[in-house]
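1. The amino acid sequence is not available; the structure is as follows:
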């Protein structure tokens, strides 16, 4: 199984499975639609029979927990897939060997209750790490201190539709800390942000608020936090 | 030396010397500042990675435009496959970054790199640049410069890669002969391994010696061994070899039998223009449209068997995971076994959610049937290329279809549920009058009316009108480009005539056609102009948003170089000479020494036939002695569509 983690129920034949995966380097620079396409093609190469939606333009039934911002890799993202016929998580893991792109890392696969709510509905918070270049630790620390001490941090909303409107980023940022062991010459920033629909904090927005918008070297999501009952068997 | 590092952790500033890869961290640091950074990072499935030091020759295959376009280039895909199958050769890919990334790379001192393992382009032994079409010429210079390679051949030495050009644009490479060491004329599949082998065997010789040896390989054109002679009136008198060992004329190379289509096609991670599997069904075209360069330079027509195509298609889908398959050819419906092929493909992919697309269909009921079998309910747009609005003009360009037939097919298309018909036309065709342009407008409205009467709700007609460019190696190669006043008047007629609900019109700015024609029809005196325009900022000449018209206007106003200075009093005289002048039948054309196998004699007969409004039937039915069978008599195989001569 070459390093792919599997829990006790992985030999059970099920229709729905949850893949925990990481992306790095090249795959940190794709959009969520593109990442969906990468997964779809990887699963087709693996001959994993995905279930398709009905209608004129049938699409495979796959759902991510949350889109990754372009420029951000991941250490533990989540994807639910629905199959045409029951497979075991083990079988899927085996089929994926040798057909995944170099920068896509399958961490684990587990079966999920068919009736469990969609991943995006269960997602509460997300954690990110950002490496910054051309920044000194103490200036980052004082920017963090200033941010966390504020009650409100107003930013312009993204997207053309919302031009001119602003929102308060501060309550979306649950934790914000300097990481001391980042490889030189970079300085690391760790954050936990809200990830509920309509109340999502983004790492690039946090950098904007801290005035380090031009400094990111590397960004990755380290954890997705789901509501306690996640439906995993 | 550092190995090709898929997970290198070298710090910033590391490497960057030829022979070692760029540190990922240097590239990464720029990516958050540019649009679509996924173009610059590689990591696609099915790319080939080999230890740099364990191969004899390293080839960089470059497409001098965006990744989004270059990734779909079939020729580079084929060469990547052929080269990487050899244990002692490595081939990587490079594309020209968009202007925002070019600017970031220049500011950071980062040279252009190949996407597989981030080796600098300048570190390769051979840099093969696609010159698929003329608007890539300034981009080829930009690509060399961004790689840190001197753009002029004379400023390079043995430490630089050998720079070779290939693709349809090399059928007249004369405007860029100062920048390339050699050009591949025709199909490279059989020749590329010989070429790489010769380069390896001769790598310690001076470059000129190396090129002298290469120049005797059939299909290779080494421009520095040829010298143009001009008449006092400015026309080319002749092009003569300066070395006894090089041929007077270079005949294009062909492969007698089509080699297999690559199976492990590279799967992009980001959206690109043609994001799908490709299987070539046949090469060449027998229709004989007089404006069409691809039709003549890709002759003879060679077909693949149904069995080969279906097996290959399945292997590609298995190896790539693509959800769509495109059948590649210049005219899909002309593939002899198309009625067998389509059901067999459908049967093979039954239940696997693979869609198949057939580009380049003819305008006939048969093509509609084919498209219908493939579309499985999703019927968005159906494309026709009548090329000219009036029957008479269609006959002159050898497009044998009556208006009645066309409207009949349009009726069927709308009846069967397609919502949009796209019509492709050209203006500025030889002998065209305003009445022919009115005919385009009439036809558009008739098709629109049919859509209203028999079609689904909200049917539309999209009309795309380009300007005719008289291309080398066609029956129209002597024809002039229509002047600005004529084209602009006809474009405004079209804008007036084609508007309203359910109609869409698009056209090319005249400047872009002028540029394309100039680069397509130029001689060696244009090298200085291309270089000057590039210095002034010309690149991305095919992009309406990025084309730097001012740079071209300024370069043309200067008439750079002795050749142009001596010959032309004014930019107007220059433009007339290259563009709007009808070339004399007895004139030596700048590309006459490069031969497509279709004889000039044939083009000349056909040029005259066009004047008489005479059609030439499809040459599968009757051989018109274009020259292919004489020139390649020894190579002929059963796969050729040429009729057996009696």
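-> Here it is on my side, so go on. A quick note: this is a predicted structure, and the numbers were derived from the prediction, not measured. Residues are numbered from 1 along each chain as shown, chains lettered A, B, ... in the order given.
2. Quick check, pLDDT for residue 187.
-> Looking at chain A here, since you left the chain open. As predicted, residue A:187 sits at a pLDDT of 96.
3. um, chain B though
-> 97.
4. next one: residue B:645
-> Looking at residue B:645, its pLDDT stands at 70.
5. Next: residue B:453.
-> pLDDT, read off for residue B:453, is 94.
6. Check the gap between it and residue B:501 for me.
-> 15 Å (C-beta to C-beta, to the nearest Å). Any C-beta I mention is one placed from the backbone N, CA and C, and that applies to glycine too.
7. same thing with residue B:58?
-> As defined by C-beta to C-beta, residue B:58 lies at a distance of 57 Å from residue B:501.
8. now residue B:120, nearest residue through space, not along the chain?
-> residue B:111 (4.8 Å; C-beta to C-beta, 6 or more residues apart in numbering or on different chains).
9. Could you pull up the residues touching the one you found?
-> By C-beta atoms under 8 Å, 6 or more residues apart in numbering or on different chains, the contact list for residue B:111 reads B:16, B:22, B:105, B:120-122, B:146-148.
10. cool, residue B:127 as well?
-> Residue B:127 neighbours (C-beta under 8 Å, 6+ apart): B:59-60, B:62, B:121, B:144, B:147, B:149, B:161-164.
11. What is the neighbour count of the residue of chain A found nearest chain B?
-> Closest to chain B within chain A is residue A:26: 2.5 Å, counting by C-beta to the nearest C-beta. Other residues within reach of residue A:26, judged by other C-beta atoms under 10 Å in any protein chain shown, total 26.
12. can you check residue B:392 too?
-> Neighbours around residue B:392, by other C-beta under 10 Å: 14.
13. higher neighbour count, residue B:453 and residue B:501?
-> For residue B:453 versus residue B:501, the count of surrounding residues by other C-beta under 10 Å is larger for residue B:453: 11 against 8.
14. So that one lies in a helix, does it not?
-> Yes - Residue B:453 forms part of a helix when assessed by DSSP: H, G, I helix; E, B strand; the rest coil.
15. Distance of it relative to residue B:212?
-> When residue B:453 is compared with residue B:212 (using C-beta to C-beta), they lie 68 Å apart.
16. thinking again about what came up before, out of the contacts of residue B:127, which are inside helices?
-> residue B:144 (DSSP state H).
17. Out of the contacts of residue B:127, which comes closest to residue B:495?
-> Nearest to residue B:495, judged by C-beta to C-beta, of the contacts of residue B:127 is residue B:62 at 38.7 Å.
18. The helix or strand hosting residue A:87: how far from the chain's middle?
-> Residue A:87 is part of strand A:72-88, with elements assigned from DSSP states H and E. Put simply, strand A:72-88 sits 12 Å off its chain's centre (C-alpha atoms, centre = their mean, to the nearest Å).
19. do the same with stretch B:102-114
-> Stretch B:102-114 has its C-alpha centroid displaced from the chain centroid by 27 Å (C-alpha atoms, centre = their mean).
20. Stretch A:167-178 too?
-> 18 Å.
21. my read: residue A:84 touches residue A:49, true?
-> Yes - at 4.1 Å, residue A:84 and residue A:49 qualify as touching, with contact defined as C-beta atoms under 8 Å.
22. Could you give the backbone dihedrals for the spatially most central residue of chain B?
-> The centre of chain B sits closest to residue B:132, judged by C-alpha atoms, centre = their mean, with a distance of 3.5 Å. Phi and psi for residue B:132, reported as degrees, to the nearest 10, are phi -60, psi -30.
23. need the contact list for it.
-> So residue B:132 contacts B:63, B:73, B:75, B:167-169 (C-beta under 8 Å, 6+ apart).
24. could I get those as CSV with secondary structure and pLDDT?
-> Listed next are the contacts of residue B:132 as CSV, based on DSSP: H, G, I helix; E, B strand; the rest coil; pLDDT from 0 to 100:
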residue, secondary structure, pLDDT
B:63, strand, 98
B:73, coil, 96
B:75, helix, 96
B:167, coil, 96
B:168, helix, 95
B:169, helix, 94
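25. In contact with the residue of chain B found nearest chain A, which residues?
-> Proximity of chain B to chain A (C-beta to the nearest C-beta) peaks at residue B:43, 2.5 Å away. Taking C-beta under 8 Å, 6+ apart, we find residue B:43 in contact with A:25-27, A:101-103, B:269.
26. what's the pLDDT at it?
-> Confidence at residue B:43, expressed as pLDDT, is 97.
27. same deal with the one 5 residues further on?
-> pLDDT, residue B:48: 98.
28. Quick check: phi and psi on the closest residue to it other than its chain neighbours?
-> Closest residue to residue B:48 apart from its sequence neighbours, by C-beta to C-beta, 6+ apart: residue B:84 at 4.3 Å. In terms of degrees, to the nearest 10, the main-chain angles of residue B:84 are phi -70, psi -10.
29. any idea how far residue B:59 is from the residue of chain A most remote from its centre?
-> Distance from the C-alpha centroid of chain A, by C-alpha atoms, centre = their mean, peaks at residue A:56 (30.0 Å). Applying C-beta to C-beta, the value for residue A:56 to residue B:59 is 44 Å.
30. just residue B:76 next, same as before
-> Taking C-beta to C-beta, one finds residue B:76 at 11 Å from residue B:59.
31. out of the two, which sits in the busier spot?
-> In terms of neighbours (other C-beta under 10 Å), residue B:59 is the more surrounded of residue B:76 and residue B:59; the figures are 27 against 23.
32. do the strand or helix carrying residue A:110 and chain B meet at all?
-> Residue A:110 is part of strand A:104-111, with elements assigned from DSSP H and E. No - using C-beta under 8 Å from any C-beta of the partner chain, no contact is recorded between strand A:104-111 and chain B, whose separation bottoms out at 9.0 Å.
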